[in-house]
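S.K.: got a predicted structure here, sequence first:
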Amino acid sequence: MSSHATGPLSGRITVPGDKSISHRALLLGAISLGTTRIQGLLEAEDVINTARSVTAMGAPAAKQGDIWQVSGRGVGGLRKPDAALDFGNSGTGARLMMGVLAGHDFAVDLVGDASLSRRPMGRVLNPLREMGFEVLAGSDDRLPLTVRGSSSLVPMEYTLPVPSAQVKSAVLLAGLHAAGETTVIENESTRDHTERMLRFFGAQVTAVESDSGARITVKGNPTLRGNEVHVPADPSSAAFLVGAAVIVPGSDVTVEGVLANPTRTGFYETLREMGADITFENLREQGGEPVADIRARASSLKGVEVPPERAPSMIDEYPVLACLAAFASGETVMRGLAELRVKESDRLSATAAGLEANGVTVRVDGDTLTVRGTAGEVAGGGTVETHLDHRIAMAFLTMGLATERPVAVDDTAIIATSFPEFTGLMRGLGAKFEVSAGAGAQ
Ligand code: S3P
């Protein structure tokens, strides 16, 4: 598929539910007592794989009308699945589920696609092993793995070696199944949806700032009660529509009801610093999370320095930010991107290669990415290798809406892992995409 320069994009739209919150709603629903009702669950492959996994372990998740319902089994109450749990492309699904499985005394096989099977699981397995989780089969701490939890997990205090909400969440979820208090210490704050939702379901979770970082503590063996979750729109999906509105001349787009949790809004903060006309309107709270309507209008951008400490709050948005930076005047320097190398692809390399293929000058020095903006015309005309990475595909399709020549991506099927509606919604705003003969259609 390729994207083509288009006239102004305009409209008010919504994007599907937040992926992080959707995974957590299913998992917490499964380990609560009673029924959890989820409105706005993201129906993309990653989340559907989590729904299938909890269903396979005796906590059926199914859609009734507009609402997903999960019949929970309580903390420690899941049963051994008959077959391997397949997480497809999803690191979040696999890693958070490991935290839950740690508290269950049965062996289970975990598998994923080629991208997920390359990604490091040791970052989650190491603390979980200290609590009593075992890896029975598998090599190099990568999927496929056979693991076994324990009904007598030991609580622990763990300092995150990398700023990762997935690792934090896995340890906290395991901590629910341990007798006593489990504490995670994080030096850089990462998305806090697990903590918020755990409290919402009745767990005791405290977060205290200290000299060594934030100490987040969960008390083991709580009784969690099924709840009603309303999933806000995903700011990581909205980023593509907002980004497109900023670079396509004359555009004016509003994305409604987007999650505005400050641990997720680094991309929007950065775009504003670059001079983008972006406003958060109608700020309100929905199910314990702040949400807003985000209005974006076409703007002239200038290059900025993005500080490393902002990385966790925009970790999934660097590919699209780098694509937008190509249109800015001056250089945009993004520092502290080491974690990008272990995402669905090596996003640092994939982003740099995609930009180069489209005539943009970039530099990668260690974990710093520098994009030289052209202050206007960006050549395009290249084909981008997506490496089974949905965000690489969507970032470059977004960029091609404002380049001189079309931008092609080699795979669009992978977009369905997080945002199946992407091309349809973009087209609704006025975007032009063409499916090339023989390419996977979207
Ligand atoms: C996620 C955390 C992030 C992010 C991923 C979703 C989550 O990963 O990249 O898309 O839902 O916890 P890390 O926490 O490993 O950086």
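M.R.: All right, it came through fine. Keep in mind the model is a prediction, meaning the values are calculated, not measured.

S.K.: residues of the stretch 251-400 of the chain that sit close to the ligand?
M.R.: Residues of the stretch 251-400 of the chain lying close to the ligand (C-beta under 6 Å from any ligand atom) are I315, D316, E339. Glycine gets a C-beta too; all of them are placed from N, C-alpha and C.

S.K.: how about the residues you listed in TSV, adding neighbour count?
M.R.: What follows is these, written out as TSV (neighbours: other C-beta atoms under 10 Å):
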residue	neighbour count
I315	23
D316	22
E339	17
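
S.K.: which residue ranges make up each domain of the protein?
M.R.: Structurally, the chain divides into domains by automatic domain parsing as follows: 2-16+232-434, 19-230.

S.K.: how about these in CSV, adding mean pLDDT?
M.R.: Below are those laid out as CSV (pLDDT from 0 to 100):
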stretch, mean pLDDT
domain 2-16+232-434, 97
domain 19-230, 97
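
S.K.: show me what contacts I392?
M.R.: P319, E344, S345, R347, A350, T351, G354, V384, E385, T386, V409 (C-beta atoms under 8 Å, 6 or more residues apart in numbering).

S.K.: any chance of JSON lines for those residues, columns secondary structure and neighbour count?
M.R.: Formatted as JSON lines, those follow (DSSP: H, G, I helix; E, B strand; the rest coil; neighbours: other C-beta atoms under 10 Å):
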{"residue": "P319", "secondary structure": "helix", "neighbour count": "30"}
{"residue": "E344", "secondary structure": "coil", "neighbour count": "26"}
{"residue": "S345", "secondary structure": "coil", "neighbour count": "24"}
{"residue": "R347", "secondary structure": "helix", "neighbour count": "25"}
{"residue": "A350", "secondary structure": "helix", "neighbour count": "25"}
{"residue": "T351", "secondary structure": "helix", "neighbour count": "30"}
{"residue": "G354", "secondary structure": "helix", "neighbour count": "27"}
{"residue": "V384", "secondary structure": "strand", "neighbour count": "27"}
{"residue": "E385", "secondary structure": "coil", "neighbour count": "17"}
{"residue": "T386", "secondary structure": "coil", "neighbour count": "25"}
{"residue": "V409", "secondary structure": "strand", "neighbour count": "27"}
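
S.K.: backbone torsions only: list them for G424.
M.R.: phi -60, psi -50 (degrees, to the nearest 10).

S.K.: which residue ranges form the strands in the stretch 201-350 of the chain?
M.R.: Using DSSP state E, counting those that start in this stretch, the strands of the stretch 201-350 of the chain run over 205-210, 213-219, 228-230, 252-259, 277-286, 289-297, 305-306, 331-334.

S.K.: export these to CSV and tack on mean neighbour count?
M.R.: Output for the strands of the stretch 201-350 of the chain, formatted as CSV (neighbours: other C-beta under 10 Å):
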stretch, mean neighbour count
strand 205-210, 12
strand 213-219, 19
strand 228-230, 20
strand 252-259, 22
strand 277-286, 13
strand 289-297, 21
strand 305-306, 20
strand 331-334, 21
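
S.K.: with G77 as the reference, name the closest of these.
M.R.: When those are compared by C-beta to C-beta, strand 213-219 sits nearest G77, at 17.7 Å.

S.K.: the closest one vs the ligand: in contact?
M.R.: No. On the criterion C-beta under 6 Å from any ligand atom, strand 213-219 is out of touch with the ligand, staying 13.6 Å away.

S.K.: can you list the strands that that strand pairs with?
M.R.: strand 181-186 (antiparallel), strand 205-210 (antiparallel) (DSSP bridges).

S.K.: grab the nearest non-local neighbour of the closest residue to the ligand within the chain.
M.R.: Proximity to the ligand, evaluated over the chain using C-beta to the nearest ligand atom, is greatest for S20 at 3.2 Å. Nearest non-adjacent residue to S20, counting by C-beta to C-beta, 6 or more residues apart in numbering: H193, 5.2 Å away.

S.K.: same check, this time on K80
M.R.: Closest residue in space to K80, ignoring its immediate chain neighbours: F106 at 3.8 Å, by C-beta to C-beta, 6+ apart.

S.K.: pretty sure the one you found contacts G149?
M.R.: Yes. If you go by C-beta atoms under 8 Å, F106 and G149 touch, sitting 7.2 Å apart.
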